[in-house]
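Asker: turn this into a model:
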Amino acid sequence: MGREPERKRGITKMEIKRETGRRFLVMDTSTATLCTAVMEDGQLLAEHNFLAQRGHAEYLLPAVQEVLKASGTAQRELGGIIVGLGPGSYTGIRIAVTAGKSLAWSLGIPVVGVSSLETLALGAWARGAGIAAGDLAPAAEGRSLAGAGSGTEWVVPLMDARRGQVYTALFEAAPGRLTRRLEPDAIRLMADWAEALGAKWAALPAEARPSVVTLAGDAARHAEAAESLRPLLGTALRVTEYAPEGVWAGLLGAARLLRGERDEAHALQPNYTQLAEAEAKQLRRS
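Answerer: Residues are numbered from 1 along each chain as shown. Below is the predicted model:
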């Protein structure tokens, strides 16, 4: 008998469609939360997100089987695989990437990788704005969304990387479309990153500044550095805890697959990221 995960978030099962044309399986094991989902043309059919800590290899296949069953999908009906590439847990990332590549190869279907940080950013922004995943489906891009503000926002995903470091990036979010990248995925010293974000925001003309700057993810572990932006941003700053969900990786991946994009399965690799050399030297001296 395998051990039970510490906390289950359960299976979300949506109304199942009868057609099984373009169904995509989603897998992300880059964080403590193991995410799986089944999408159809950008619409969520079923997802399963739960805290597995170090049990990803043990739980991934059962989780995949559960979402396939919940969505009424057989493996042969899948039209593509979506995998989270990280960054995140060094060993965890490889589990979903390896499984996704193998399944795509065996079924003869395309595989695409998505940034786990962008998944985190998109989900945190949408949840905070009260936007449902269905409203951000690829077919919905370009139209206004109910409950969304009129201005652009910044979203800063945070995954704890220990010793004052975070896996992070910067994205722009706005009504009617998916997130747009402003800074690359990287592992950064949180104190330096907060300072850089403040400088980037202050350098913009007032009318070009984002209406909200959200720092989301493992925010509690880096609350002091995150709150250092408060004197500059005031009420525009939002700091919130948020755990990844498979549906948002599914939306990002489905957008690529529906555009006809695919990654070379044999060449697809996890994004482990590295500290910038200056930061690495500083960390070694500390």
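Asker: SS state for the spatially most central residue of the chain?
Answerer: Nearest residue to the geometric centre of the chain (C-alpha atoms, centre = their mean): Thr119, 1.6 Å. With DSSP: H, G, I helix; E, B strand; the rest coil as the basis, Thr119 sits in helix.
Asker: would you mind measuring from it to Lys101?
Answerer: Distance of Thr119 to Lys101, computed by C-beta to C-beta, to the nearest Å: 18 Å. Backbone N, C-alpha and C define where each C-beta goes, glycine included.
Asker: repeat that for Thr240.
Answerer: Plainly put, Thr240 is 33 Å away from Lys101 if you go by C-beta to C-beta.
Asker: of the two, which one has the most company?
Answerer: Lys101 (21 against 15; other C-beta atoms under 10 Å).
Asker: got the phi and psi for the nearest residue to the more buried one once chain neighbours are set aside?
Answerer: With C-beta to C-beta, 6 or more residues apart in numbering as the criterion, Lys101 has its nearest non-adjacent residue at 4.7 Å, and that residue is Ala265. Listed backbone geometry of Ala265 is phi -60, psi -40, with angles given as degrees, to the nearest 10.
Asker: quick one, what contacts Ala265?
Answerer: Ala265 is in contact with Lys101, Ala104, Trp105, Val111, counting by C-beta atoms under 8 Å, 6 or more residues apart in numbering.
Asker: quick check: the farthest pair among those?
Answerer: With distances taken as C-beta to C-beta, the most widely separated pair in these is Trp105 and Val111, at 8.2 Å.
Asker: thinking again about what came up before, among the contacts of Ala265, which ones are buried?
Answerer: Buried members of those, scored by 16 or more other C-beta atoms under 10 Å, are Lys101, Ala104, Val111.
Asker: tabulate the residues you listed (JSON lines), appending secondary structure.
Answerer: As requested, the buried ones among the contacts of Ala265 are exported to JSON lines (three-state DSSP):
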{"residue": "Lys101", "secondary structure": "helix"}
{"residue": "Ala104", "secondary structure": "helix"}
{"residue": "Val111", "secondary structure": "strand"}
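Asker: can I get those in a markdown table with distance to Tyr167 and pLDDT?
Answerer: Rendered in a markdown table, the data for these read as follows (distance: C-beta to C-beta, whole Å; pLDDT from 0 to 100):
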| residue | distance to Tyr167 | pLDDT |
| --- | --- | --- |
| Lys101 | 22 | 95 |
| Ala104 | 25 | 95 |
| Val111 | 22 | 97 |
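Asker: thought Lys101 was touching His266, still the case?
Answerer: Yes - counting by C-beta atoms under 8 Å, Lys101 is a contact partner of His266 at 7.4 Å.
Asker: what touches both of these two?
Answerer: With C-beta under 8 Å, 6+ apart applied, the contact sets of His266 and Lys101 do not overlap.
Asker: report all helices and strands that the helix or strand where Thr36 lies contacts.
Answerer: For Thr36, the element it lies in under DSSP states H and E is strand 33-40. Strand 33-40 is packed against strand 23-28, strand 43-51, helix 56-70, helix 246-258, with contacts defined by 3 or more C-beta pairs under 8 Å, 6 or more residues apart in numbering; DSSP states H and E.
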